[in-house]
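Engineer: no FASTA, just this:
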């Protein structure tokens, strides 16, 4: 099975060191795998469709959690009129959306705009992050939801974090932030857990003379949800 490769528009080019190098989902030692709520998945899809859906063609595929890709292909007209290929399996680890530019002339080739990987299975590791995290972030003693979505466009990579607040057992999308906003530097943030009302993870940051492939500053990072935004707190350098 081909590795899942996806990422959104980012201005940091990733070279040979590949800080967000593509790799297939890795299972973590957790009991009771669960799938992400379909309504949450739909809200994430709608977010990207508003950005990329106009004048494009969308392909959607699903990656099996067990490492095998089972496909059920069908042609359909999506909401914006683009053709969509659906590849589904009984148990999926992630769904991949790829948007293509539709050529205006027959002699032109369509080009890939962006590939987006939405995690579906809880308890996995994907692109250095634990992409589905649950815990109280707004101090109301209810378990909120943080979903990290990996995107790729050309040689650029990014991770977008979607925070859903638990309001009467219904998730509401509160904010979306990309990894550069949350890293607190020119670099990348990988969310790993929610503890004590904070998101905890790792940041890799570029020093002034670093090559674009290889950030040399690495931190333990904590992020708080304040005033409806995600705010990075002072970082602790680890190397």
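Structural biologist: Structure received. Source: prediction; values computed, not measured.
Engineer: where does the residue lying closest to residue 233 once chain neighbours are set aside fall, phi/psi-wise?
Structural biologist: In space, residue 233 comes closest to residue 222 once its chain neighbours are excluded; the distance is 4.6 Å by CB to CB, 6 or more residues apart in numbering. (Each C-beta comes from the backbone N, C-alpha and C, glycine too.) Here the main-chain torsion angles of residue 222 (degrees, to the nearest 10) amount to phi -120, psi 140.
Engineer: thinking residue 222 is in contact with residue 231, fair?
Structural biologist: No. The pair residue 222 and residue 231 does not pass the contact test of CB atoms under 8 Å, sitting 9.8 Å apart.
Engineer: ok, what's across the strand from the residue nearest to the spatial centre of the chain?
Structural biologist: The centre of the chain sits closest to residue 149, judged by CA atoms, centre = their mean, with a distance of 0.9 Å. As for beta bridges, residue 149 partners with residue 160 under DSSP bridges.
Engineer: which residues does it contact?
Structural biologist: Residue 149 makes contacts with 8, 44, 116-119, 131, 159-162, as judged by CB atoms under 8 Å, 6 or more residues apart in numbering.
Engineer: Narrow those residues to those that are buried.
Structural biologist: Burial of the contacts of residue 149 was assessed by neighbour count (16 or more other CB atoms under 10 Å); the buried members are 8, 44, 116-119, 131, 159-162.
Engineer: For residue 216, state which of those is nearest.
Structural biologist: For the buried ones among the contacts of residue 149, the closest approach to residue 216 (CB to CB) belongs to residue 159, at 19.9 Å.
Engineer: Could you report the neighbour count for the closest residue to residue 143 other than its chain neighbours?
Structural biologist: Excluding its sequence neighbours, the residue lying closest to residue 143 (CB to CB, 6+ apart) is residue 134, at 4.9 Å. Using other CB atoms under 10 Å, residue 134 has 15 neighbouring residues.
Engineer: same question, residue 178
Structural biologist: Burial measure for residue 178: 18 neighbouring residues, criterion other CB under 10 Å.
Engineer: From residue 57, how far out is it?
Structural biologist: Shown here: residue 178 relative to residue 57, a distance of 25 Å by CB to CB, to the nearest Å.
Engineer: Any idea how many residues pack against the nearest residue to residue 35 once chain neighbours are set aside?
Structural biologist: Using CB to CB, 6+ apart and skipping the chain neighbours, the partner closest in space to residue 35 is residue 120 (5.6 Å). The number of residues packed around residue 120, counting by other CB under 10 Å, is 25.
Engineer: isn't residue 120 right next to residue 41, touching?
Structural biologist: Yes. With contact defined as CB under 8 Å, residue 120 and residue 41 form a contacting pair (6.8 Å).
Engineer: Could you please give me the overlap between the contact lists of those two?
Structural biologist: What both residue 120 and residue 41 touch, as defined by CB under 8 Å, 6+ apart, is the set residue 95.
Engineer: if we can go back for a sec, neighbour count: residue 222 and residue 231, which is higher?
Structural biologist: Here residue 222 and residue 231 are set side by side on neighbour count (other CB under 10 Å), and the busier one is residue 222, at 18 against 14.
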